[in-house]
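Participant: sequence and computational prediction follow.
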Amino acid sequence: MGSVVLAAGVITAALPAQAEAPSTATTAPASADGQCAAQADGRTPSLAVQDACGDHAMGSSQATDSATAAPAPTAGPQARSLAATPPTASPSSSYVKGVDVSWYQGLNTNWTNLAANGYKFTFIKATESTSYVNSYFQQQWANARSHGFLRGAYDFGRPDLGGAAAEAQYFYAHGASLAVGQTGTLPPVLDIEETPGGACSGISQAAMVSWISTWVSTIKGLTGRTPIIYTRAGWWSQCTGGNTTIGKSALLWVADWTTGRTSPALPSGWGTWSFWQYSDAVAIDANAGDADVFNSAFNRIAGDDRFATSVEVSKSFSAGGTVYLASGAQFPDSLSASAAAGISKSPVLLVSANSVPSTVAARLAALKPAKIIVIGGSDAVHDSVLSSVSRYTQSGSAASVQRESGLDRYETSAAVATTNFSKGVGHVYVASGEGYPDALSASAVAAESSKAGPLLLVTRNAIPATVATALSKLQPASITVLGGPDVISQSVIDRLKTYTTGAVTSFAGNTRYGTGQQIAVNEFSPGVAVAYVASGTNFPDALVGGPLAALSNAPVLMTLPGSTPAETAQALTYLKPKKIVVLGGANAITPAEQLTLQGYAAG
């Protein structure tokens with residue numbers, strides 16, 4: 001599988017130059033009968049030919065599968081007989097399309113045509129056992145990259161021929177190393193299926209589990225990335241005994257070609273899949289290997305709308321504490337909610353002005369909070385909503401519901417600040433009240449315990465009186481200004497200096513994405529466990545994501561629905577997050593953009 005940075009069919013500016021020189025062999029696979037030399041014509045041959053060549057493509061033993069299926073046949077129409085009509089599942093069109101290729105595709109794949117038809121990624125076979133290297137690997141890798149494909153390398157596992165650690169090390173030396181520290185690449189893959197060594201490669205279930213586990217731990221140690229296992233449910237059941245522990249340390253690429261199937265049968269140990277190989281034929285290119293899709297729900301927290309997304313985010317928080325409610329329609333009053341909620345490790349749920357959506361009501365009932373805090377005035381969230389949610393608190397009384405608000409967005413930010421923070425607070429964050437992006441980019445920082453502080457709003461040219469009063473009360477040790485001179489003038493910054501004896505620091509970029517980048521690279525170190533990404537064109541998803549990010553000291557960055565801004569790409573390249581989680585549905589961030597973002601994950 002491969003990975004590269006592209007979005008909505010357009011290659012973004014975030015594809016840095018990469019070294020393209022893993023150690024690779026330069027000869028075609030050896031063959032006892034010489035038939036391999038003529039096989040790199042673009043089409044994967046029958047299993048018998050692959051056996052003779054000692055070179056097995058992904059899915060070489062694949063058959064229509066079910067959770068209890070027997071091993072795939074080694075002969076017949078489902079064993080790579082090109083004269084037969086292959087089985088083909090029917091994944092949703094919302095999934096991102098890709099292909100996997102091997103030596104047999106050679107240089108025949110039409111990458112231009114694939115890209116033009118919406119294909120975004122490819123996996124390329126690098127090795128098999130400790131004696132075979134795909135001699136086309138480097139050229140296929142380079143060609144795919146030049147056409148904007150996300151790329152990854154795979155190893156065809158041979159437990160029948162040797163130890164897992166040695167095979168993983170060989171794979172690393174001949175292809176998997178390209179996944180280390182490089183954006184635009186997906187994790188290394190182990191293709192584990194039937195081999196010429198017989199049923200389950202001729203080893204016991206316990207030995208197979210040990211072999212796979214060793215391969216996974218070795219590759220993870222070498223690359224620092226969580227590897228992907230390619231397998232099918234029937235094989236996994238038979239050959240590992242339905243092992244459920246390996247799935248905790250590896251992602252799943254599932255093979256299931258069952259005709260008409262809209263979701264694949266999953267092996268034991270995984271609750272979801274990241275990639276699905278659904279056919280051994282790519283409809284638009286017979287020389288493109290196998291057909292795959294990327295799961296658009298992978299590493300995405302989303303609901304059917306902004307309210308439901310806030311519910312999904314809240315599931316990372318414990319019941320019984322405090323819940324913040326904010327308007328899902330108006331950003332001004334809601335801006336202060338994210339930082340305040342993060343401080344108390346509380347979720348933010350979104351409501352309408354006059355009602356509580358049913359999904360939010362159900363979540364409030366499940367959380368059973370001790371207290372509910374509504375951020376903003378009655379224009380944003382009416383009093384009737386406060387009355388209706390009291391039933392969900394532990395006491396069931398109106399006294400457990402309170403409002404923090406002011407006459408406008410500025411006074412609301414001041415009220416939230418002075419209610420939740422005391423004199424001498426270490427940090428105060430100041431952002432424009434005339435837009436939301438800069439404030440939301442800082443919400444995770446403002447909520448993180450070592451840098452915690454309130455978020456106050458100002459206009460471009462003035463500090464509102466209520467905010468000035470709050471600053472006088474708080475006497476912060478330092479102030480951080482979010483945004484450039486186009487949103488907060490130098491005269492405002494100069495005045496802010498009179499409210500602290502410490503430094504007044506500015507994080508500013510030329511755009512909202514640039515400001516987010518400055519916050520991320522100055523407040524977070526490379527190697528963060530996770531980075532959250534939300535739409536920069538709307539506020540709700542980032543608003544509710546701030547407290548979630550604060551739980552793991554993670555940044556929140558902004559992107560466009562269908563492409564990665566250069567500044568966001570640069571921030572992710574610097575941060576090298578182990579995982580990237582998208583906030584919001586496909587309308588907020590498209591599946592193709594989500595896949596692009598996954599190419600920046602280093603774990």
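Facilitator: Yep, it's here. On a predicted model such as this, the values are computed, not experimentally measured, just so you know.
Participant: how about the strands in the stretch 351-500 of the chain?
Facilitator: Taking DSSP state E, counting those that start in this stretch, the strands of the stretch 351-500 of the chain run over residues 371-375, 401-404, 428-432, 455-458, 479-482.
Participant: give the pairing partners of the second one; include direction for each.
Facilitator: Right, the one you point to is strand 401-404. Strand 401-404 pairs in its sheet with strand 371-375 (parallel), by DSSP bridges.
Participant: before we move on, back to that, distance to residue 596 and mean neighbour count for the strands of the stretch 351-500 of the chain - can I get that in JSON lines?
Facilitator: All C-beta spots, glycine's among them, are computed from the backbone N, C-alpha and C. Output for those, formatted as JSON lines (distance: least, CB to CB, whole Å; neighbours: other CB atoms under 10 Å):
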{"stretch": "strand 371-375", "distance to residue 596": "33", "mean neighbour count": "23"}
{"stretch": "strand 401-404", "distance to residue 596": "38", "mean neighbour count": "19"}
{"stretch": "strand 428-432", "distance to residue 596": "28", "mean neighbour count": "27"}
{"stretch": "strand 455-458", "distance to residue 596": "30", "mean neighbour count": "28"}
{"stretch": "strand 479-482", "distance to residue 596": "26", "mean neighbour count": "24"}
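Participant: output those as a markdown table; include the columns distance to residue 592.
Facilitator: As requested, these are exported to a markdown table (distance: least, CB to CB, whole Å):
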| stretch | distance to residue 592 |
| --- | --- |
| strand 371-375 | 34 |
| strand 401-404 | 40 |
| strand 428-432 | 31 |
| strand 455-458 | 33 |
| strand 479-482 | 30 |
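Participant: make TSV out of these and add mean pLDDT and distance to residue 208.
Facilitator: Compiled in TSV, the strands of the stretch 351-500 of the chain are given as follows (pLDDT from 0 to 100; distance: least, CB to CB, whole Å):
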stretch	mean pLDDT	distance to residue 208
strand 371-375	96	52
strand 401-404	95	56
strand 428-432	93	53
strand 455-458	94	53
strand 479-482	94	53
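Participant: let me know which of the ones you listed is the nearest to residue 123.
Facilitator: Taking CB to CB, strand 479-482 is the member of these nearest to residue 123, at 40.7 Å.
Participant: which other helices and strands contact the closest one?
Facilitator: When contacts are defined as 3 or more CB pairs under 8 Å, 6 or more residues apart in numbering; DSSP states H and E, strand 479-482 packs onto strand 428-432, helix 437-447, helix 490-496, strand 504-507.
Participant: looking at the ones you listed, which is buried most?
Facilitator: Highest mean neighbour count of those: helix 437-447, a mean of 30 (counted as mean count of other CB atoms under 10 Å).
Participant: would you put the C-alpha positions of that helix in PDB?
Facilitator: Output of helix 437-447 as PDB, limited to C-alpha atoms (Å, rounded to 0.1, in the frame of the first residue of the first chain):
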ATOM      1  CA  PRO A 437     -10.200  30.000  13.600                       C
ATOM      2  CA  ASP A 438      -7.400  31.400  15.700                       C
ATOM      3  CA  ALA A 439      -9.300  30.900  18.900                       C
ATOM      4  CA  LEU A 440     -10.100  27.300  18.100                       C
ATOM      5  CA  SER A 441      -6.500  26.400  17.100                       C
ATOM      6  CA  ALA A 442      -5.400  27.500  20.600                       C
ATOM      7  CA  SER A 443      -8.200  25.800  22.500                       C
ATOM      8  CA  ALA A 444      -6.200  22.600  23.100                       C
ATOM      9  CA  VAL A 445      -3.200  24.500  24.300                       C
ATOM     10  CA  ALA A 446      -5.300  26.700  26.600                       C
ATOM     11  CA  ALA A 447      -6.900  23.600  28.100                       C
END
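Participant: thinking again about what came up before, and the helices and strands packed on strand 479-482, which one is worst for confidence?
Facilitator: Here the helices and strands packed on strand 479-482 differ in mean pLDDT, and the lowest is helix 437-447 at a mean of 78.
Participant: centre of the chain to that helix, how far?
Facilitator: Remark: helix 437-447 is offset 20 Å from the chain centroid, using CA atoms, centre = their mean, to the nearest Å.
Participant: which residues are contacting stretch 413-427?
Facilitator: 335-337, 340, 343-344, 375, 404-406, 428, 433, 446, 451-457, 464, 466-467, 469-470, 473-480 (CB atoms under 8 Å, 6 or more residues apart in numbering).
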